Structure formats: structure tokens, C-alpha cells
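A.B. asks: When you get a sec, could you give me coordinates for this:
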Amino acid sequence: MMMNIDEVKVLLHHREPYLMVDRIDALTPHAVTGVKIHRGDEAHLAGHFPGAPVVPGAMLQELCTQSAGALITKFYSPVEDYDSEKTKGHALGVLGKVAYAKYMDIVKTDRDVFAEVELVEQLGPLFKFKAKVLQDGRIKAKLMFSLINLSDDHLL
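C.D. replies: The predicted model follows:
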């Protein structure tokens, strides 16, 4: 299943300038591939680094986290037909833990970035993932993290 940015926004509460997933190239109950297409004017690139911009590691983590969040919302939402604009009472895919993050090479801002995320385990509302960040077919980072579904009361 592929999704464009408008379809992604139905699943995620994130919006520009913090929305990192511009499209989804693949989505199943156990894996997702999210894509970030940099335009060069993103806030997180402004000072990182002038004259030689690279994508910050935290934004690579966020690309993976948001991609995993789309998977959770699509297949594991406690609400049928979830819509980020209309559905209230649930905070889906809240980052609970980064267990491992290894950044192996810089990620340039002039080419698409791919997050290949796999659901490793689900324990009730807790979801454990592993991910690879790729650019030009090369692995740039490997990550392991957990997301949790919560009531949005925790966010107020």
C-alpha cells in the first residue's frame, strides 16, 4: 500500500514543519517504508550546517518514529476509521524508548531518505520496532525503539 502526504496526514497528528513523512511507499501490518523528500528550507536544516547541510540524527529517528506511528494507526488503532483531524481521546504511537541508535554515515539534504521500519513485537499498547535509514540504497542508520498507544489525557 502506498500513501501520499494527504493520506499520511489522516494517520499522523504531525504537521509541517515537524512532519517528516512525505509519503509511504509500502505499508503492511508488520512493516512500513516512509520517505522524506527534503526541499532544503526545513527548519531543522537552517543551522545544520551552513554551507554543507546534513540531516540531524534526531530527525532521522523522527522519520522512523512517524513511519512506525502510521503503521500503528492504520492497523492497531483502538478506533475504527481513525482520522487525526477528527478522532479524539487517543495518542497513538508516542515514543517511549530509544533502545539503540547507530548513525553510520551522513544523510544529505538533496536526495530522498527512506525509513524501512519493522514491527518486532507488540505487547498490548506497546510496540517495539527496528529500523534502517537508507539513502541511495546505502544504510545510513540503524535504530531500535518503542512506541506506545495512550489516552491523550497524558498530553494535556
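A.B. asks: hey, where'd the strands end up in this protein?
C.D. replies: Ranges of strands in the chain, per DSSP state E, are 23-27, 31-36, 91-103, 113-123, 126-135, 138-150.
A.B. asks: Of these, flag the one that's most buried.
C.D. replies: strand 31-36 (a mean of 23; mean count of other C-beta atoms under 10 Å). Using the backbone N, CA and C atoms, a C-beta is placed for each residue, glycine as well.
A.B. asks: Note down every partner strand of that strand and its orientation.
C.D. replies: Its sheet considered, strand 31-36 pairs with strand 23-27 (antiparallel), strand 113-123 (antiparallel) by DSSP bridges.
A.B. asks: Dump these to TSV, plus mean pLDDT.
C.D. replies: Formatted as TSV, those follow (pLDDT from 0 to 100):
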stretch	mean pLDDT
strand 23-27	98
strand 113-123	98
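A.B. asks: Which one, of those, ends up nearest to Val94?
C.D. replies: Checking the strands paired with strand 31-36 against Val94 by C-beta to C-beta gives strand 113-123 as the closest, at 14.8 Å.
A.B. asks: next one: the closest one to chain centre, how far?
C.D. replies: 9 Å (C-alpha atoms, centre = their mean, to the nearest Å).
A.B. asks: Taking strand 138-150 as reference, get the angle to it.
C.D. replies: Computed by axes from the mean of the first three to the mean of the last three C-alpha atoms, to 10 degrees, the angle separating strand 113-123 from strand 138-150 equals 40 degrees.
A.B. asks: Contact partners for the residue nearest the centre of the chain?
C.D. replies: By C-alpha atoms, centre = their mean, the chain has its centre lying nearest to Gln66, at 2.2 Å. Contact analysis of Gln66 by C-beta atoms under 8 Å, 6 or more residues apart in numbering lists 12, 14, 19-21, 34, 93.
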